[in-house]
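Chemist: I'll drop the sequence and a predicted model, then ask my questions.
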Amino acid sequence: MRPLTEDETRTFFEKLSKYIGENIRLLIDRPDGTYCFRLHKDRVYYVSEHIMKRAANVSRENLISMGTCFGKFTKTGKFRLHITALDFLAPYAKYKIWVKPGAEQTFLYGNHILKSGLGRITESTNQYQGVVVYSMGDIPLGFGVAAKSTQECRRTDPMSIVCFHQADIGEYIRGEDTLT
Amino acid sequence: MATVEDVLESVNRSQASKYKTIEVQKDVEPQLDLGNLLTVDQNPLELKKFRADKEAYLKSQARDNTQLLFNAIWKLPTERVEEAICVKLPETTTVLPREKPIPKVKPPTRWEQYAQLKGIQKRKKGRMVWDEEIKEWRPRWGYKRANDETKDWVIEVPGNADPNEDQFEKRMKAKKERVAKNELQRLRNIARATRSKVPGVGLTPTEKPSKEEVGLALHLAKKSTASLGKFTEKLPKEKEAKHVGKKRKFEPAIGDFKKEKEQQLNIIDVMENKKPKLDITKAVNRVISQQEQEPSDERRKRGVKVKNRRGPPRKKGSGGFGKKGKAGKGKGAKGMGGKGKGKMGKGKGKSR
């Protein structure tokens, strides 16, 4: 377990800012205590200071998880967000997509969102913008990348993809053994 | 009367008493190992004779057994080499223990590995070589070697060479480089065999060093001072050598949280400053949506009242489903459905 280096922090924040913009500040600068990002086995964990200090007593091999896993660094040095980060991304999300109740299931099975399943979308969403996916009842379901901007979404045919799937809460079941 | 035969017989007899008989009688046949010239006599000692005269008895026993050994040797095929009779001894049968452990197989050198891979065989070369100039046999290499190119008293300057270049010195230098290279390779082989650190990773002599090698050489030269290059002066616009050993250094896991937070906030600030202030696509989108909205606003001003919210299709279309999303009124699904209508509204906006 160690803090992120400057380069790692930058790649990590760049990925996060695609979803929550400058709201990362709110994650770091919290009034209710000190929270920090820690790297452990290539995974980034968002932990409160107290829990982190306790976790520091556990040896590296035995420590499986602490706090919330935000994602992991790939071997090529890129950062991948995990579905576990959703709890922190959803409240601060800048761009959102709502899926119709009929399309919820296909999304939760790991498929992209088609235009026919699109309920609502935040205005002025750009292409390839990171978005948080909600059900029509405002329950966060996962996140993805907008395949088309809001303008383009209006005139595409119903079977075209509007949002690329990245992570969904179905992974809690599908990837039960790998999620930390 | 003594005949000649009698005389001969008496002489034979006297000689026979002088030489002991080659016939030896043993109860148990002794074991012979001709390869080791060894006889093992398993017969028990005759205690009476042994006690009477120990030395004489043991000597006679040794003599008899040696006689048996030689009898066996004489049965082997002999050959004459320069008036000496020689015998080729058979393989040994007795297994003797070694004094020292069997020497370990030497690990192959880099060349030997390569040669085995390519199937290159070693060829025997004589140590001495005929030197045509001195008319003498001389060693192939080493002190006073044959055909020593560094000992030439005159060298022709090659056509494309610099006339002021010392060709003698060049040869000597080349020779020294070769020797140094060989020595380095020898040390490397030893290092690889003993699994210690391979030397010469830093810089090896090369004929035409590349840019990176020169950079590395410079870096090493700068560090090769008593203070490890701490006080070595830098050139004005000197760049750091690339791919030079850099140690990873991480902050402690439990360190200064305030400082960490500040650093992270700094990174966010830098990231935000890099972003363009005006997002062009966003601005264009806004203008378009405003233009779309204008006709509906005007209609609203004119007093065309909406009796039923779901009523007039044009309003919905012109409102844009994006806007509804923002308002969060939960009618998005419907807004999406009205795609064709939205287009109509748009067409109007454009015609203006």
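Modeler: Received, thanks.

Chemist: By average pLDDT, which secondary structure element in chain A comes out worst?
Modeler: helix A:150-155 (a mean of 85; mean pLDDT, DSSP states H and E).

Chemist: which residue ranges form the helices in chain B?
Modeler: Applying DSSP state H to chain B gives helices spanning B:4-18, B:47-52, B:54-75, B:110-118, B:167-194, B:211-223, B:257-274, B:280-302, B:313-319, B:321-327, B:332-337, B:339-351.

Chemist: Put together CSV for these, with distance to residue B:92 and mean neighbour count on each row.
Modeler: Using the backbone N, CA and C atoms, a C-beta is placed for each residue, glycine as well. As requested, the helices of chain B are exported to CSV (distance: least, C-beta to C-beta, whole Å; neighbours: other C-beta atoms under 10 Å in any protein chain shown):
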stretch, distance to residue B:92, mean neighbour count
helix B:4-18, 35, 9
helix B:47-52, 31, 11
helix B:54-75, 14, 14
helix B:110-118, 32, 11
helix B:167-194, 34, 13
helix B:211-223, 59, 14
helix B:257-274, 79, 14
helix B:280-302, 95, 14
helix B:313-319, 109, 20
helix B:321-327, 99, 19
helix B:332-337, 100, 18
helix B:339-351, 102, 15
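
Chemist: ok, residues contacting stretch B:275-286?
Modeler: Applying C-beta atoms under 8 Å, 6 or more residues apart in numbering or on different chains, the external contacts of stretch B:275-286 come out as A:123-124, A:126, A:149-151.

Chemist: could you redo the last one with a cut-off of 7 Å?
Modeler: Identification of contacts with stretch B:275-286 by C-beta atoms under 7 Å, 6 or more residues apart in numbering or on different chains yields A:124, A:126, A:151.

Chemist: Let me see the contact set for the last one.
Modeler: Read it as residue A:151. Counting by C-beta under 7 Å, 6+ apart, residue A:151 has contacts residue B:285.

Chemist: low-confidence ranges in chain A?
Modeler: Within chain A, no range satisfies pLDDT under 70.

Chemist: residues from it in reach of chain B?
Modeler: A:1-3, A:5, A:9-10, A:13-14, A:17, A:22, A:24-25, A:28-29, A:34, A:36, A:38, A:49, A:53, A:56, A:98, A:100, A:118-124, A:126, A:136, A:150-151, A:154-155 (C-beta under 7 Å from any C-beta of the partner chain).

Chemist: residue ranges for the strands of chain A, please.
Modeler: A:2-3, A:35-40, A:43-48, A:68-73, A:79-81, A:96-99, A:113-114, A:118-121, A:130-135, A:140-146, A:161-168 (DSSP state E).

Chemist: How is chain A partitioned into domains?
Modeler: Split into domains by automatic domain parsing, chain A comes to A:2-85, A:93-174.

Chemist: Out of those domains, flag the one nearest residue B:25.
Modeler: Judged by C-beta to C-beta, the one of the domains of chain A that comes nearest to residue B:25 is domain A:2-85, at 81.4 Å.

Chemist: that older thread, which one of the domains of chain A has the most crowded surroundings?
Modeler: Compared across the domains of chain A, domain A:93-174 shows the largest average neighbour count, a mean of 19 (mean count of other C-beta atoms under 10 Å in any protein chain shown).

Chemist: What is the end-to-end distance of it?
Modeler: End-to-end distance of domain A:93-174 (C-alpha to C-alpha, to the nearest Å): 25 Å.

Chemist: which helices and strands does the longest helix seen in chain A pack with?
Modeler: Ordering each helix of chain A by length in residues (DSSP H) puts helix A:6-20 first. If contacts are counted by 3 or more C-beta pairs under 7 Å, 6 or more residues apart in numbering or on different chains; DSSP states H and E, helix A:6-20 sits against helix A:24-28, strand A:79-81, strand A:130-135, helix B:257-274.

Chemist: circling back: to residue B:100, which of the strands of chain A lies closest?
Modeler: Closest approach to residue B:100 among the strands of chain A is made by strand A:2-3 (53.3 Å; C-beta to C-beta).

Chemist: quick one: contacts of that closest one?
Modeler: Residues outside strand A:2-3 that contact it (C-beta under 7 Å, 6+ apart): A:38-39, B:250-251, B:253, B:260.

Chemist: let's see it at 8 Å
Modeler: A:36-40, B:250-253, B:255, B:260.

Chemist: what sits against the residue lying farthest from the centre of chain A?
Modeler: Computed with C-alpha atoms, centre = their mean, the maximum C-alpha offset from the centroid of chain A is found at residue A:57, amounting to 28.8 Å. Under the criterion of C-beta under 8 Å, 6+ apart, residue A:57 has no neighbours.

Chemist: so what's the nearest residue to residue A:156 once chain neighbours are set aside up against?
Modeler: Nearest residue to residue A:156, sequence neighbours excluded (C-beta to C-beta, 6 or more residues apart in numbering or on different chains): residue A:115, at 5.4 Å. By C-beta under 8 Å, 6+ apart, the residues touching residue A:115 are A:153, A:156-162.

Chemist: 7 Å instead?
Modeler: A:153, A:156-160, A:162.

Chemist: Tell me which two in those residues are the farthest apart.
Modeler: A:153 and A:159, at 13.1 Å, using C-beta to C-beta across the contacts of residue A:115.

Chemist: Now the domains of chain A in a markdown table, please, with extra columns for distance to residue B:183.
Modeler: Conversion of the domains of chain A to a markdown table gives the following (distance: least, C-beta to C-beta, whole Å):
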| stretch | distance to residue B:183 |
| --- | --- |
| domain A:2-85 | 40 |
| domain A:93-174 | 59 |
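
Chemist: Quick check: residue A:79 touching residue A:12?
Modeler: Yes: here residue A:79 reaches residue A:12: they are 5.1 Å apart, a contact under C-beta atoms under 7 Å.
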